[in-house]
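>>> give me the fold of what follows.
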Amino acid sequence: MSVKTLMTAEELANLPEDDYRYELVEGELIRMSPTKPQHGKIAAKIIRILGNYVEAKGLGEVYGTDTGFIIRRHPDTVRAPDIAFVSRERIPEESGESFFSFSPDLAVEVLSPDESAMEVQDKIEGYFQGGSRVVWVVNPKTKTVTVYLSPSDIHVLTINNLITCGQVIPGLSFPVADIFR
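Sure, this is the predicted structure:
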């Protein structure tokens, strides 16, 4: 019987640079596939919408898919949501060389065709366990955004709805359709 060697968040942070993105799930290194153009376009639009608003209001920072968040320890899980918002008060003074030691206030995942429902659910639960206050799951196929205010408080928004995030980003409101244009 072989024993699997688990990796820590610190070991992940010290891996040599290569052309891949990685996440750590319960100590297991997972290589992430590059995203398809539609996925990247949607993520870029959300980053632009959130980033412009958050910067204008001085509320915190919006991060892209290369930013790691330690959402669980022993064994370690490090996730890199497609888009993340961290409020100004939670950003550590020295946050440049390692991963954040918490989940973002808002984590946004854009669904990929190869992701299973179980993988997505694991991410959502992990974000909340790590301290996220809201999770958005964007579905390019159905043009919907599923807003999780908790693992059990779920709202599905269509292109006919406005999306808000008042509990995390006060005053933010924009048409869901803007994400899919």
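>>> ranges for the strands of this structure?
For the chain, the strands defined by DSSP state E occupy 21-25, 28-32, 60-63, 69-72, 77-79, 83-87, 106-110, 134-139, 144-148, 154-157, 162-164, 173-175.
>>> Ile49 is nearest to which of those?
strand 173-175 (5.7 Å; Cβ to Cβ). All C-beta spots, glycine's among them, are computed from the backbone N, C-alpha and C.
>>> chain center to the closest one, what's the gap?
Averaged C-alpha coordinates place strand 173-175 at 19 Å from its chain's average position (Cα atoms, centre = their mean, to the nearest Å).
>>> ok, stretch 68-76 next?
14 Å.
>>> just the C-alphas of it, formatted as PDB.
Backbone C-alpha positions of stretch 68-76 (Å, rounded to 0.1, in the frame of the first residue of the first chain) are rendered in PDB as follows:
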ATOM      1  CA  GLY A  68      -4.100  32.100  -4.500                       C
ATOM      2  CA  PHE A  69      -6.200  31.900  -1.300                       C
ATOM      3  CA  ILE A  70      -5.500  29.400   1.400                       C
ATOM      4  CA  ILE A  71      -9.000  28.300   2.300                       C
ATOM      5  CA  ARG A  72      -8.200  25.300   4.400                       C
ATOM      6  CA  ARG A  73      -5.200  23.900   6.400                       C
ATOM      7  CA  HIS A  74      -4.000  20.400   7.300                       C
ATOM      8  CA  PRO A  75      -4.200  19.300   4.600                       C
ATOM      9  CA  ASP A  76      -3.900  22.500   2.700                       C
END
